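In: return a 3D structure for these sequence lines:
(one chain, ligands or ions: 2)
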Amino acid sequence: MKPTLVLVGRPNVGKSTLFNRLTKTRDAIVADIPGLTRDRHYGHGKVGDKPYLVVDTGGFEPVVKEGIMHEMARQTLQAVDEADVILFMVDVRTGCTAQDKIIADRLRQSGRPVFLVVNKAEGMRREVVTAEFHELALGDPLAISASHGEGVHELVELALESFPDATEDESDKHPKIAIVGRPNVGKSTLVNTLLGEERVIAFDQPGTTRDSIYIDFERAGKKYTLIDTAGVRRRGKIFEAIEKFSVVKTLQAIEDANVVVLVLDAQTDISEQDAHMAGFILETGRALVVAVNKWDDLDDYKRDTVKREISRKLQFLEFAKFHYISALKGNGVGGLIGSVDVAYAAAMAKLPTPQLTRILMDAVTAHQPPKSGPFRPKPRYAHQGGMNPPLIVVHGSALDKISASYKRYLEKTFRQAFKLEGTPLRVQFNVGANPFAGRKPAPLTENEERQAHRKRMVGRKLYGKQRKKD
Ligand SMILES: Nc1nc2c(ncn2[C@@H]2O[C@H](COP(=O)(O)OP(=O)(O)OP(=O)(O)O)[C@@H](O)[C@H]2O)c(=O)[nH]1
Ligand SMILES: Nc1nc2c(ncn2[C@@H]2O[C@H](COP(=O)(O)OP(=O)(O)OP(=O)(O)O)[C@@H](O)[C@H]2O)c(=O)[nH]1
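Out: Ligands and ions are numbered 1, 2, ... in the order given. As a prediction, the model looks like this:
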């Protein structure tokens, strides 16, 4: 198990900035707006040979009794309880505040190891920076600058001193799932239901989930990593910067995932935004499972209407499996994960060249590519060019003359033959010079040999008949 560092502190002390530096990602939204980091935020990092996990918590306002701030405080406390090391951040520019003292008390009670981190101390003398924070009684304050990177490496080394070096064992061969969708469709509820605990704040207010978070979990003995994302929202005046960021983050999460779960809301119309997001998923080539959520509360008539609307507007997602679920009640969630497994397996499938070539040749025998002018395209063999999405590269001559419909025919044939469900599939034609020119052709399989022989015999007979006639 990797040690977990948890970043705690008032809003705006620089937790997201430090988080980014520790994980070397742009995962957290950094902006000068208090309370922006609204969710727990998980990342991986490494110092020397020691890997660690980092958790960024929302701004800790322990005195708030209700509403989202209260909810965040609850989440923070949960993270604190799970921490191996707590990095308690304070801000030298605001000095030691009453709130810092309340948090310090709470952290002392937790009994976890706490390092007191004084941030925004770039270019300042250490003694000056740390003096006033001794009163928090959490040991020697450590001065850093998260944004300039000063003192950060030393801080992490110190924090991880008592943890052993890594023995590289964790294999990453499990699905990374991004849960995406418009605000309020029920992403957080779905994540909660999947995890069986209230790890992500679910709130009835658009834009509750502002940052993406990465969560490892196990279900039925299988490992998964879940990426929960901020919803894509319409432009508003005040939060425009944040919204833009959220869109980017959704897109990044899709890129980062193997399998995307697109959540739709059955109780509102399929919007352009839904379709745009679906289009983007398709473009990235990620495997996809669609969750039509809030299926409870709908009568049969409405269900019919929704299904019809979906098949009309999202026709281009026909490769994906659709699940009609209630994240709130937990209905259909098991089946959804089943489809994630299937889609992941398809996205990562290994397609051996001999098998691909055989399927290709059978397809060509059954139905030849139509002539284009004087040319008849002649596919000869195929190999796999990539995964997630599976890419099949077809070689042969005059392949640039292959029609779109013939391409679709080949796609369909490969998809069926390898049972590739839930993932886009790309077929590409190599129209460049034939790398096998001048070489011996690939050896035929036994079956192909037999078929070729039969064809030759038939040809000879026909030719014989023709000659007799002549
Ligand atoms: N001068 C200086 N500014 C910093 C430093 N670290 C962070 N900041 C700035 O402080 C502001 C808040 O930083 P964030 O990382 O968003 O703070 P946070 O604690 O995650 O805030 P919440 O998301 O509100 O909880 C941003 O404007 C940062 O650029 C630093 O080391 N020096
Ligand atoms: N009836 C019904 N309501 C649901 C279901 N799933 C979620 N909701 C409700 O929909 C609202 C929004 O749910 P969230 O999980 O916060 O939605 P989200 O997509 O994470 O929203 P953002 O954080 O804004 O992006 C909440 O009031 C949920 O209780 C469901 O299956 N059925």
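
In: hey, where'd the strands end up in the stretch 101-250 of the chain?
Out: Ranges of strands in the stretch 101-250 of the chain, per DSSP state E, counting those that start in this stretch, are 114-119, 142-143, 176-180, 213-219, 222-228.

In: mind giving me the packing neighbours of the second one?
Out: Right, the one you point to is strand 142-143. The elements that strand 142-143 packs onto, with contact taken as 3 or more C-beta pairs under 8 Å, 6 or more residues apart in numbering; DSSP states H and E, are strand 114-119, helix 126-130, helix 152-159. Just so you know, the C-beta spots here come from the backbone N, C-alpha and C atoms, and that holds for glycine as well.

In: can you list the ones you listed in a markdown table and add distance to Lys294, mean pLDDT and mean neighbour count?
Out: A markdown table is the format used below for those (distance: least, C-beta to C-beta, whole Å; pLDDT from 0 to 100; neighbours: other C-beta atoms under 10 Å):
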| stretch | distance to Lys294 | mean pLDDT | mean neighbour count |
| --- | --- | --- | --- |
| strand 114-119 | 42 | 96 | 24 |
| helix 126-130 | 52 | 83 | 14 |
| helix 152-159 | 43 | 94 | 17 |
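
In: could the ones you listed go into CSV alongside distance to Phe418?
Out: Output for the helices and strands packed on strand 142-143, formatted as CSV (distance: least, C-beta to C-beta, whole Å):
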stretch, distance to Phe418
strand 114-119, 52
helix 126-130, 61
helix 152-159, 45
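
In: re the thing from before, tell me the most buried of the strands of the stretch 101-250 of the chain?
Out: With neighbours defined as mean count of other C-beta atoms under 10 Å, the strands of the stretch 101-250 of the chain peak in mean count at strand 176-180, which reaches a mean of 27.

In: find the residue at the geometric middle of the protein.
Out: Central residue of the chain (C-alpha atoms, centre = their mean): Ala257, 2.5 Å from the mean position.

In: tell me who's in contact with that residue.
Out: Applying C-beta atoms under 8 Å, 6 or more residues apart in numbering to Ala257 gives the contacts 176-178, 227, 286.

In: also Asp91?
Out: Asp91 is in contact with 9-10, 12-14, 118-120, counting by C-beta under 8 Å, 6+ apart.

In: show me which pair in the residues you listed is furthest apart.
Out: Longest distance between any two of those is 14.5 Å, between Asn12 and Val118; criterion C-beta to C-beta.

In: separation between Ala398 and Gly45?
Out: Look at Ala398 and Gly45: by C-beta to C-beta, to the nearest Å, they are 52 Å apart.

In: circling back to that earlier point, quick check: closest non-adjacent residue to the residue nearest to the centre of the chain.
Out: Spatial nearest neighbour of Ala257, chain neighbours left out: Ala178 (3.6 Å); criterion: C-beta to C-beta, 6 or more residues apart in numbering.

In: can you tell me the SS state at Asp304?
Out: Three-state call for Asp304 (DSSP: H, G, I helix; E, B strand; the rest coil): helix.
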